[in-house]
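Enquirer: my questions are about this predicted structure, shown below with the sequence.
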Amino acid sequence: MRVWAPRAERVDLVDGTTDHPMTPVDGGWWTVDPPAGLRDYGFRLDGDENVRPDPRSRWQPAGVDGPTRVFDPGEYVWGDRAWTGRRLAGSVIYELHIGTFTPEGTLDAAIDKLDHLLAIGVDMVELLPVNAFAGTHNWGYDGVLWFAVQDSYGGPRAYQRFVDACHQRGIGVIQDVVYNHLGAGGNYIPLFGPYLNPTAGGSPWGDSINLDGPDSGEVRRYILDNVVMWLQDYHVDGLRLDAVHALNDSQATHLLEDIAKRVGALSPHVRRPLSLIAESDLNDPRLITPREAGGYGLTAQWNDDFHHVLHVALTGEKEGYYADFGRMSDIGKVLTKAFFHDGTFSSFRGRDHGRPVDTLITPAWRFLGYAQNHDQVGNRAAGDRLTATLSADELAIAAVLVLTAPFTPMLFMGEEWAASTPWQFFTSHTDQFLADATRQGRVEEFARMGWDQELVPDPQARSTFENSKLDWSELHTGRHARLLALYRELAALRRARPELTDPWFGDLSVAADDDERWLVIDRSGVRIVINFADEPRSIPLGGPAGPVLLATTAIDGPVDAGGERLTLPPKAAVVIGPAS
């Protein structure tokens, strides 16, 4: 057994009440032959009375403060031998949080909902982080043991069962991972070695990971080994890389390129496509530019600009980072150029922001498009979804735009039935100082933005977590049933019409009227016509129209005799096929 602990002068493997002295070897590593039948263990550093879990722990059944339990991923008998993987191109992604997706909040309970996901056309699920964190419930971004699956979700064996069940139903799995920071509660790995680099310029979530300071080679290896673990030991099909703009790395080869290189080598070995999806606020196409063309070589990236133009058009909110958006033509720019801010002035940032995308060679599926996600819902003061402010007609417009846009569509759990439950910011810190600081920081953050602090739920309250759980009894009632039927119809249409998965920006054009608030998107003859206004609009289609393939509401009469205009009711969308 080995552990990297260059900061210690003495390390003991602790098996119950027995200490086994370890031998130092090159590079700050320590080694010892484990005792027979080793089950639960930890490490004692320099004779300290506390025993710490293994930094590479796979299982923490007693939480992040308890001992590590031995776990062998190779003991699981997989049933997905026929699984050949799932490419991101053409897929629909569904983002979910295990703890609030079902009443039970476990991986095994989530398996029972997979048939629901299939019925709405989901091809891949994207799980919020599942690595071990302090307490029993958390968004997952406070993880401190990156190799361990949170035990309150069912632990590592349940994770294998979940991935296996997804694959047997034809659903791929993307795992959200956090390599830009560590959580504060239960974080002991800096006692072992220089995993953090306080001088590198921290992030809002704490000190930076040590990517180019002393002993950074082992830290980078720690991350790369974690990447391989998910994709190989757990059969995961891709990783979503959290907040890559917070990776402070000045080495000639950036960590992201190292990850892409490692994953590119692993893919032919496991004989299936593997995807890397970046979350970034940089609007920088170099992330998804191939390595041979000087980029980082990632597969795709989230596109917040698409969210922002859609959100403002539907809600009218213009505060903060929404200030630059609101016109119909803004939606048109994003649909045809990928980014709104592509070198333009950002009033929120007070500077020019972003770089243009080469739309001649970059396929649109490399950008994920969404109307809601965990950040854009959970980082609101009350964690309110679009459901709280939009009508069913407006929610239907959002659905149409997400599932007919050229981007890879991503849905946030419950969106498909207009879930009425909020998704709020919740924690269960066991350290009272952290609990109080988190609670106070949340109130102060929204007070600065003018929110009534009474509207900000206590993140440490159990009720905040419980209120965020989906209510599955809603599915077949009222507007919930109407929206669910629409999402199913849209997913079926997207699969039936190749125009809706055409990845090339050049095959798409947009006409928009900012004053009358309508939009016509032409995708190789299939037109998506949307009226955002509160009054009916007679909308020019730009040419003869074919049959109506889908409508969010009843249309008062067909297109006119010439087939080139459509009178659309308020807050309505229609998809029209090519003229015969």
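Expert: Good, I have the coordinates. Owing to the predicted nature of the structure, the values given are computational and were not obtained by experimental measurement.
Enquirer: which stretches in the stretch 451-580 of the chain count as helices?
Expert: Secondary structure of the stretch 451-580 of the chain, counting by DSSP state H, counting those that start in this stretch: helices at 462-467, 478-496.
Enquirer: just those: most buried one?
Expert: Among those, ranked by average contacts under mean count of other C-beta atoms under 10 Å, first place goes to helix 478-496 (a mean of 18). No exception for glycine: its C-beta is placed from N, CA and C like everyone else's.
Enquirer: avg pLDDT for it?
Expert: Mean per-residue pLDDT for helix 478-496: 97.
Enquirer: ok now it, how far from the chain's centre?
Expert: Computed by C-alpha atoms, centre = their mean, to the nearest Å, the separation of helix 478-496 from the middle of its chain amounts to 22 Å.
Enquirer: how about stretch 20-33?
Expert: In terms of C-alpha atoms, centre = their mean, the centre of stretch 20-33 is found 38 Å from the chain centre.
Enquirer: name the helix or strand of this structure that has the lowest mean pLDDT.
Expert: Least confident helix or strand, the chain: helix 432-447 with a mean of 86, by mean pLDDT, DSSP states H and E.
Enquirer: flag every buried residue along it.
Expert: 434-435, 438-439, 442-443, 446 (16 or more other C-beta atoms under 10 Å).
Enquirer: and for stretch 370-384?
Expert: Quick answer for stretch 370-384 (16+ other C-beta under 10 Å): 370-378, 380-383.
Enquirer: show the backbone phi and psi for residue 44.
Expert: As for residue 44, its main-chain torsions (degrees, to the nearest 10) stand at phi -100, psi 130.
Enquirer: one step back: how about residues contacting the least confident helix or strand of the chain?
Expert: 134, 184-185, 381, 425, 427, 429, 453, 455-456, 458-460 (C-beta atoms under 8 Å, 6 or more residues apart in numbering).
Enquirer: for stretch 53-73, same thing?
Expert: For stretch 53-73, using C-beta under 8 Å, 6+ apart, the contacting residues are 3-4, 14, 38-43, 51, 132-135, 144-145, 147-149, 151, 155-157, 160, 185-186, 188-189, 192, 195, 222, 225, 233-234, 430.
Enquirer: buried subset of the residues you listed as a PyMOL selection?
Expert: Those of the contacts of stretch 53-73 that count as buried under 16+ other C-beta under 10 Å are selected in PyMOL with:
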select buried, resi 3+4+14+40+41+42+43+51+132+133+134+135+144+145+147+148+149+151+155+156+157+160+185+186+188+189+192+195+222+233+234
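Enquirer: which of the contacts of stretch 53-73 fall within helices?
Expert: 155-157, 160, 189, 192, 222, 225 (DSSP state H).
Enquirer: from those residues, which two are the most distant?
Expert: Using C-beta to C-beta, the ones in helices among the contacts of stretch 53-73 span at most 27.3 Å, a distance reached by 160 and 192.
Enquirer: to residue 402, which of the helices of the stretch 451-580 of the chain lies closest?
Expert: Of all the helices of the stretch 451-580 of the chain, it is helix 478-496 that lies closest to residue 402, at 8.5 Å by C-beta to C-beta.
Enquirer: packing partners for that closest one?
Expert: helix 392-404, strand 545-551 (3 or more C-beta pairs under 8 Å, 6 or more residues apart in numbering; DSSP states H and E).
Enquirer: about what we covered before: okay, the contacts of helix 432-447 in a markdown table with pLDDT and distance to residue 247 next?
Expert: A markdown table is the format used below for those (pLDDT from 0 to 100; distance: C-beta to C-beta, whole Å):
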| residue | pLDDT | distance to residue 247 |
| --- | --- | --- |
| 134 | 95 | 23 |
| 184 | 89 | 19 |
| 185 | 91 | 22 |
| 381 | 91 | 28 |
| 425 | 96 | 23 |
| 427 | 96 | 24 |
| 429 | 94 | 25 |
| 453 | 76 | 33 |
| 455 | 81 | 34 |
| 456 | 89 | 30 |
| 458 | 94 | 32 |
| 459 | 95 | 26 |
| 460 | 95 | 29 |
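Enquirer: before we move on, back to that, chain center to the least confident helix or strand of the chain, what's the gap?
Expert: Put simply, helix 432-447 sits 24 Å off its chain's centre (C-alpha atoms, centre = their mean).
Enquirer: so where do the strands sit in the stretch 451-580 of the chain?
Expert: 508-513, 518-523, 526-531, 537-540, 545-551, 565-568, 572-578 (DSSP state E, counting those that start in this stretch).
Enquirer: which among those is found nearest to residue 254?
Expert: Shortest distance between residue 254 and these, using C-beta to C-beta, is found for strand 508-513: 31.7 Å.
Enquirer: wait, residue 321 touches residue 308, no?
Expert: Yes: shown here, residue 321 and residue 308 form a contact pair, counting by C-beta atoms under 8 Å, at 6.9 Å.
Enquirer: neighbour-wise, which of these two wins?
Expert: Remark: of residue 321 and residue 308, residue 308 carries more neighbours, 22 against 14, as counted by other C-beta atoms under 10 Å.
Enquirer: name the next helix or strand downstream of the strand or helix carrying the more buried one, please.
Expert: Per DSSP states H and E: residue 308 is located in helix 304-315. Per DSSP H and E, the first helix or strand lying C-terminal to helix 304-315 is helix 328-337.
Enquirer: ok and that following helix relative to strand 518-523, angle-wise?
Expert: On the basis of axes from the mean of the first three to the mean of the last three C-alpha atoms, to 10 degrees, helix 328-337 is oriented at 10 degrees to strand 518-523.
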